[in-house]
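Colleague: structure here, sequence nowhere to be found:
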């Protein structure tokens, strides 16, 4: 099968310890691109947390795309401007924020390149440092003049499970909620997910879904794993994600799982 486009999650998939692209993964990506195969990072991160990796891989300014915020925004790499953006009103997330706050959970809001937190905690400072972005304080979502592309809520899993069960019926028809990690619950506009963004991006590139590979590890990767021509879960992936994949790597993200996929199915 001549695959033409690879979509890869970052944290838990492409990166080592969520901070580094290994030399082996980078070399495999370079070889795939030399064969004319496009490599698309597909992440829950804001674009500010992706750009230095795009430069490292030589993708910035080139023909291609990057998918951010779990599919809420798609950027053209040539100018780093959104070609797709799905946002929602602060009023839609306000009741969720109120309930989360009462449970002592941390709230974070995203809009294109802007990252906002309700409190300037040490966790927020470290996140901004890692993501190379500025800290903006927004104590209440209703104080924001624009719209959000996603809301991320952080805290103990049992509290997040409670919040999801309580809030999803209230925002039905407007927002979708899902886990992107053990301690992260995210809300996006209804219908926003990596699978839909993958399909829209492949269509823009003139590539059939049958000619795509998607690689991921978590619940938020499931939609693209199911949508792609070849859906791949890395060895460290969540059990239900691995069960849904067409192929499960023998290696984990720390063992260059992305390189394994490229070597097996592309090179």
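Modeller: Okay, I see it. Predicted model, so just to flag it, every value in this text is computed and none were measured.

Colleague: in the stretch 51-200 of the chain, which spans are helices?
Modeller: 51-56, 90-102, 122-131, 157-171, 194-205 (DSSP state H, counting those that start in this stretch).

Colleague: what would the ones you listed look like in CSV with mean pLDDT, distance to residue 248 and mean neighbour count?
Modeller: Quick note: C-beta positions are derived from backbone N, CA and C, even for glycine. Shown next, in CSV, are the helices of the stretch 51-200 of the chain (pLDDT from 0 to 100; distance: least, CB to CB, whole Å; neighbours: other CB atoms under 10 Å):
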stretch, mean pLDDT, distance to residue 248, mean neighbour count
helix 51-56, 94, 24, 16
helix 90-102, 96, 34, 17
helix 122-131, 84, 29, 14
helix 157-171, 95, 24, 15
helix 194-205, 96, 18, 20
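
Colleague: and residue 83, which of these is closest to it?
Modeller: helix 194-205 (6.8 Å; CB to CB).

Colleague: centre of the chain to that closest one, how far?
Modeller: 14 Å (CA atoms, centre = their mean, to the nearest Å).

Colleague: before we move on, back to that, I'd like to know which of the helices of the stretch 51-200 of the chain is closest to residue 182.
Modeller: helix 157-171 (5.8 Å).

Colleague: run through who's touching the closest one.
Modeller: 92-93, 95-96, 99-100, 103-105, 153, 177, 179, 182-185, 187 (CB atoms under 8 Å, 6 or more residues apart in numbering).

Colleague: can you rerun that using 10 Å?
Modeller: Here helix 157-171 makes contact (CB atoms under 10 Å, 6 or more residues apart in numbering) with 88, 92-93, 95-100, 102-105, 153-156, 175-179, 181-185, 187, 190.
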